[in-house]
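Novice: structure for this input, please:
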Amino acid sequence: MAKGSQLRQLKARLSSDGIKDKRQNSAASRRRKSSSTSAGAVQKAAEEARRGALARIRSDATFNPFEERITKPKHEVLGRNLKGVTGRPGVSKSTALDQRRQKLLPEIQGRHRSGTFIDRRFGEGDANLTPEERALERFTRERQNRARAGDVGGKKSLFNLDDGPEDGLTHYGQSLNVDDMEDDGLGLGGLDDEDEHGGIDRATTSKLNFGGFDDGNKDDDPDRKKSKYEVMQEVMAKSKLAKLERQRAKEKDDDLRMELDDDFASLREALFGPAQDYTEALREAERTATEPEAEGRQAKEKFSDADGNAQKPARVEREKSEEYDAFVRELAFDRRAQPQDRLKTADELAAEEAERLRIAEDARLRRMRGEMIPDGRGTNGGITSRRAPGADDLDDDLDLDLGNAADVYGLGPGLGDARDEEEEHDRQSSNLDDSDDDDGSEQSGDDGSPEEEDMDDFEDMEEPASSEEAEGLEAQADLVGSKPTSSVLSPANKGSPSQDPKVPSSSLPYTFSCPATHEDFLDLLLSNGISVSDVPTVVQRIRALYHASLGIDNKHKLAALLGVLLEHCLHCSLDASAGGFKTVANLLPHIHELSQTYPTIAAQHFVGKLSVMHKNLGRGVAKGALDENARTWPGPAECALLRISAQVFPTSDRSHPVATPMALLIAQYLAHCRIRTLSDLASGLFLASLVASNERQSKRIFPESLNFLHQAIGVLTLGPTTGKAPRRAESIKHAFGIPAPDLGAAHTAHLALTKEDVASLKSEGTSASRPADLLHLLAFKSSKSARHDAKERGEVKALLLQQAFALVEAFAQLYDGSVAYVELMQPYEELLACIDAAHIDLPTSLQTRASSLRATLSIALARASQNRRALRLQAHRAIPLASQVPKFDLGGFDPTRKSSRVFDPDPERAEAAKLRALVKKEKKGAVRELRRDAAAVAEQRRRDNKEEEDRYEKWTRRVTGSLQDEEHQDKLFRKEKDKIKRERKRQNAK
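Specialist: From the prediction side, this is the model:
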């Protein structure tokens with residue numbers, strides 16, 4: 001090793017390795033030669049050797065001692081070799097960078113690729129093999145694999161020279177051992193090419209002579225590609241063959257068909273017997289089917305006696321054949337399926353229904369005016385008018401094209417036509433139901449539906465009309481939307497639709513104008529003389545005529561019709577004596593269907609009515625809750641509206657635009673209205689029954705209804721003559737916090753059941769077990785100046801008390817399982833106990849009902865108290881006692897443990913600490929590796945960017961240089977040109 005400075009050592013190392021500076025060479029030697037020449041190959045090899053020597057010098061630690069780091073051991077021990085004493089951080093770092101570059105670079109380059117192609121050919125990834133060596137090695141391996149594949153006996157014949165085909169010399173993949181003359185038929189191996197006369201055959205001469213060079217490979221090679229002509233010839237031949245086969249099959253079928261036609265007569269006789277009249281065949285079949293069993297039994301006994309057991313098998317076979325023949329004959333009388341009309345859309349059905357109603361209305365008007373119906377044609381092709389039938393007419397030319405007599409004159413169907421008309425009615429009803437999908441189906445007749453069950457509630461709601469209600473009905477004009485007409489207020493009015501005799505169905509118009517207001521609807525009913533029972537039919541026809549699919553404005557008209565129907569229901573509910581609630585029940589399906597079709601408009605109509613009721617309640621409470629003239633409780637119209645709202649909209653929703661305001665309004669009625677008369681009690685009980693029905697699914701607690709029932713039972717039972725019972729009721733009320741201001745008040749003393757009322761009920765034998773009609777009881781005015789006798793007043797009180805007991809039982813079943821069941825139902829149990837202790841004289845049915853209700857509540861309360869868990873503090877996990885762990889190391893002395901590490905006597909905690917330390921160490925290592933990977937990726941990106949910038953800069957310089965050269969040449973050209981011009985001027989001047 002040369003001494004001196006580091007530069008001197010480097011120069012000496014370069015000189016010893018034969019590396020010289022290129023600047024010392026001549027310009028010719030420094031010029032790069034082509035690699036295809038020998039000089040270029042020598043130059044390339046020299047450059048490779050020079051680069052390798054420089055790499056070895058760079059990697060030598062002796063050249064740069066600062067690249068090597070030595071860790072001096074604390075104690076020198078002879079014969080001990082320690083790893084890691086000497087290290088080269090720079091080399092390690094560069095090696096790690098190279099490894100990361102080799103691993104991460106392919107991943108970065110292929111991160112957007114979905115698949116990879118791996119070249120698994122032998123020697124493809126080996127840079128030490130030349131292409132010739134690689135091809136030779138592949139050929140050798142192919143020979144070895146082929147030799148293994150040819151080993152049939154299971155033994156390897158790798159070195160067996162006799163196995164396998166012999167391989168000779170090849171030229172362009174073809175063997176040189178094959179005789180071309182033999183392939184072309186020109187070989188000399190035999191006399192097969194000579195004919196029988198000893199001459200050369202035609203094939204040989206055609207191959208040797210001119211013109212036969214292209215005929216040698218025409219048909220001999222089966223694997224050659226066919227020409228287009230040959231392909232078309234083959235296609236035509238196959239087509240002709242298929243056509244011939246089809247023709248043969250058709251002829252065969254025709255022959256078989258002709259043979260079957262010839263034998264059809266005999267086959268028909270064998271199947272159906274001899275040809276006979278249809279009537280006779282039918283009679284014979286009926287006679288055979290209805291033959292008495294007695295004759296068959298007698299004949300059987302007769303034949304059995306005559307023939308004996310020897311004829312039994314033959315008789316069984318004959319019976320089977322007769323049964324089969326009878327079955328085949330029955331098949332001849334089966335009706336064939338008739339073609340049906342195609343299924344029509346809802347729009348088409350609605351259009352057909354509207355057109356049918358228009359045609360029927362036009363025919364009705366013509367018959368009413370006595371005009372001739374143009375439905376016949378004369379002999380000359382013109383329309384002949386039919387005259388009206390006279391009294392002496394024999395009906396020779398009677399022809400009812402528009403329908404039968406029942407449709408034209410309103411007669412009932414006959415015995416023969418009843419079934420057909422029923423089927424036709426069912427078909428039309430089903431079509432009409434299908435046609436109303438957009439605006440809701442028409443009034444359905446399905447039995448057992450929930451809507452019908454709810455509609456039945458209105459059919460029993462009737463109340464007697466009296467002249468004293470005129471003022472109340474006048475006050476309800478705001479809710480109804482139109483003032484009650486005389487037809488409603490005066491039942492004796494002959495112009496009222498409800499008092500008109502029933503109009504025949506033939507005179508009922510088929511087309512009506514769609515009313516926009518309730519006044520228009522009333523005028524329509526009065527002008528046409530429509531009875532109450534025909535109002536649903538009129539509404540149904542209006543909906544069919546103004547179907548939403550038949551006009552652009554029909555949707556708005558039907559939406560307005562919904563409000564009209566709602567107002568008409570409220571209008572009819574004011575006159576229950578004329579069947580108003582039956583009309584409400586009949587119109588409820590139409591309101592429900594229109595509300596389902598137009599929910600937003602329906603919600604606006606119902607909320608508007610509810611807001612009017614809320615305003616009326618506010619006015620009544622402001623006037624005085626105890627004033628008898630103040631209208632605080634809802635009347636028949638308001639109750640009907642609440643009932644309709646509950647049937648149309650879902651009441652189990654947590655929040656609903658109509659059901660929620662309705663529930664709040666009912667709660668305000670029950671909480672703020674005071675009990676003054678029996679009609680107030682009936683109204684409150686009706687609201688409580690609505691609550692029980694509406695909350696059947698959601699089971700929401702409605703405290704206002706429970707408080708009202710408690711107050712109603714106390715008012716009806718605890719009067720001033722019951723001793724200490726009212727005081728006990730007051731204590732119960734205060735104990736449970738029930739707001740019952742009317743319980744025990746002076747203005748409700750006359751509402752309690754007295755001994756006179758009970759005596760009158762017992763003397764007349766009136767039973768209070770029948771259900772109470774609450775809407776019928778709304779008109780009952782019970783006051784000190786009432787004109788009702790004691791019997792009627794006592795009966796009303798008994799019915800109201802019975803209804804209150806029924807509602808308490810319903811709420812007890814509704815809230816069964818609730819956490820607050822004890823607090824909700826215990827006041828009723830104590831109130832019933834108070835009534836029982838006071839020995840109040842009640843009718844027998846009410847006493848039995850009260851006793852059974854008290855027993856039921858007692859059992860339910862005991863069960864609820866037993867199943868209910870009391871509130872307890874939050875249960876915490878018990879704190880264990882501290883165990884005394886020894887303070888010494890159970891594992892003994894450990895020299896590998898660091899002195900700074902504190903000893904932990906708990907092995908589990910020590911193991912957990914070890915795992916945490918290991919996780920921390922691995923995490924730091926992973927973060928370090930990720931940082932190094934990121935640095936390697938950044939370095940590679942920097943290199944790529946640098947190469948791209950260098951390439952771009954090189955390209956820019958080249959382009960700039962070429963442009964500068966062009967500019968330079970242009971300047972030289974201009975200078976030369978100017979010089980020539982100056983010379984010419986000088987010569988011309990001379």
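Novice: so where's the stretch 351-500 of the chain uncertain?
Specialist: Scanning the stretch 351-500 of the chain for pLDDT under 70 picks out the ranges 364, 367-370, 372-500.
Novice: in the stretch 851-990 of the chain, which spans are helices?
Specialist: With DSSP state H, counting those that start in this stretch, the ranges of helices along the stretch 851-990 of the chain come out as 907-989.
Novice: quick check, pLDDT for Glu948.
Specialist: Looking at Glu948, its pLDDT reads 95.
Novice: now it: how far from Glu795?
Specialist: Separation of Glu948 from Glu795 (CB to CB, to the nearest Å): 107 Å. The C-beta positions use only the backbone N, C-alpha and C, and glycine is treated the same way.
Novice: and the two? Which one has more around it.
Specialist: Between Glu948 and Glu795, counted using other CB atoms under 10 Å, Glu795 has the larger neighbour count: 22 against 10.
Novice: what about the nearest residue to His590 once chain neighbours are set aside, how many residues close to it?
Specialist: Leaving aside its chain neighbours, His590 sits nearest to Val539 (5.2 Å; criterion: CB to CB, 6 or more residues apart in numbering). Using other CB under 10 Å, Val539 has 24 other residues around it.
Novice: do the same with Glu322
Specialist: Neighbours around Glu322, by other CB under 10 Å: 11.
Novice: how about the strands in the chain?
Specialist: Counting by DSSP state E, the segments of the chain that form strands are 69-70, 86-87, 170-171, 174-175, 376-377, 383-384.
Novice: neighbours of the residue lying closest to Ala810 once chain neighbours are set aside, how many?
Specialist: Distance criterion CB to CB, 6+ apart; nearest residue to Ala810, sequence neighbours excluded, is Ala692 at 4.7 Å. By other CB under 10 Å, the residues close to Ala692 number 20.
Novice: what residues does stretch 253-273 touch?
Specialist: The contact list for stretch 253-273, computed with CB atoms under 8 Å, 6 or more residues apart in numbering, reads 275, 325, 328-329, 332.
Novice: now the buried members of those residues.
Specialist: Buried members of the contacts of stretch 253-273, scored by 16 or more other CB atoms under 10 Å, are Arg329.
Novice: what sits against Ser645?
Specialist: 606, 610, 658-659, 662.
Novice: which one among these gets closest to Leu801?
Specialist: Met662 (27.2 Å; CB to CB).
Novice: least trustworthy helix or strand in this protein by mean pLDDT?
Specialist: helix 486-489 (a mean of 35; mean pLDDT, DSSP states H and E).
Novice: what's the farthest-apart pair in the contacts of Ser645?
Specialist: Leu610 and Ala659 (10.4 Å).
Novice: would you format the contacts of stretch 253-273 as a markdown table with distance to Ala878 included?
Specialist: Formatted as a markdown table, the contacts of stretch 253-273 follow (distance: CB to CB, whole Å):
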| residue | distance to Ala878 |
| --- | --- |
| Ala275 | 104 |
| Asp325 | 94 |
| Val328 | 91 |
| Arg329 | 93 |
| Ala332 | 93 |
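Novice: now, the contacts of stretch 253-273 that are in helices?
Specialist: Within the contacts of stretch 253-273, residues falling in helices by DSSP state H are 325, 328-329, 332.
Novice: what is the nearest of those to Leu566?
Specialist: For the ones in helices among the contacts of stretch 253-273, the closest approach to Leu566 (CB to CB) belongs to Ala332, at 61.4 Å.
Novice: quick one: the helices in the stretch 651-800 of the chain?
Specialist: 659-672, 678-694, 703-717, 725-736, 755-764, 774-777, 790-814.
Novice: between those, which one is closest to Gly4.
Specialist: Nearest of the helices of the stretch 651-800 of the chain (CB to CB): helix 659-672, 103.3 Å.
Novice: list the buried residues in the closest one.
Specialist: 659, 661-663, 665-670.
Novice: which of those sits closest to Arg120?
Specialist: Nearest to Arg120 among the buried residues of helix 659-672, with distances taken as CB to CB, is Ala659, at 74.9 Å.
Novice: so where's the stretch 551-700 of the chain uncertain?
Specialist: Where the stretch 551-700 of the chain drops to pLDDT under 70, the residues are 575-579.
Novice: one more time with 90
Specialist: 551-555, 568-587, 596, 620-632, 635-637, 640, 650-656, 676-680, 696-699 (pLDDT under 90).
Novice: about what we covered before: what's the closest of the buried residues of helix 659-672 to Val808?
Specialist: For those, the nearest to Val808 is Leu670 (14.7 Å; CB to CB).
Novice: what about the nearest residue to that closest one once chain neighbours are set aside, distance to Ala354?
Specialist: With sequence-adjacent residues excluded and distances taken as CB to CB, 6+ apart, Leu670 is closest to Glu704, at 3.9 Å. Distance of Glu704 to Ala354, computed by CB to CB: 49 Å.
Novice: how about the contacts made by Glu124?
Specialist: So Glu124 contacts Arg134 (CB under 8 Å, 6+ apart).
Novice: and this protein, what are its domains?
Specialist: Following automatic domain parsing, the chain resolves into domains at 345-375+405-410+421-632, 674-867.
Novice: in CSV, list the helices of the stretch 651-800 of the chain along with distance to Leu570.
Specialist: Shown next, in CSV, are the helices of the stretch 651-800 of the chain (distance: least, CB to CB, whole Å):
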stretch, distance to Leu570
helix 659-672, 15
helix 678-694, 16
helix 703-717, 24
helix 725-736, 37
helix 755-764, 34
helix 774-777, 13
helix 790-814, 24
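Novice: quick one, which of those gets closest to Asn586.
Specialist: helix 774-777 (16.8 Å).
Novice: so for the closest one, mean pLDDT?
Specialist: Helix 774-777 shows a mean pLDDT of 69.
Novice: what about Arg143, how many residues nearby?
Specialist: Burial of Arg143 is recorded as 13 neighbouring residues (other CB under 10 Å).
Novice: and it, how close does it get to Leu136?
Specialist: 11 Å.
Novice: please apply the same query to Lys74.
Specialist: Applying CB to CB, the value for Lys74 to Leu136 is 60 Å.
Novice: which one of those two is surrounded by more residues?
Specialist: Leu136 (13 against 4).
Novice: now that one: how far from Thr677?
Specialist: 122 Å.
Novice: now Ala663
Specialist: For Ala663 relative to Thr677 (CB to CB), the value is 25 Å.
Novice: follow-up on the earlier one: for the helices of the stretch 651-800 of the chain, which one sits closest to Ile19?
Specialist: So among the helices of the stretch 651-800 of the chain, helix 659-672 is nearest, using CB to CB, at 97.7 Å.
Novice: other residues contacting the closest one?
Specialist: For helix 659-672, the surrounding residues in contact (CB under 8 Å, 6+ apart) are 606-607, 610-611, 613-614, 617, 621, 625, 632-634, 642, 645-646, 649-651, 653, 683-684, 687-688, 690-691, 694, 702, 704-705, 707-708, 739.
Novice: among those, name the buried ones.
Specialist: The neighbour-count test (16+ other CB under 10 Å) applied to the contacts of helix 659-672 identifies 606, 610, 613, 617, 621, 625, 632-634, 642, 645-646, 649, 651, 683-684, 687-688, 690-691, 694, 702, 704-705, 707-708 as buried.
Novice: thinking again about what came up before, closest one of the contacts of Ser645 to Thr956?
Specialist: Nearest to Thr956 among the contacts of Ser645 is Val658, at 79.0 Å by CB to CB.
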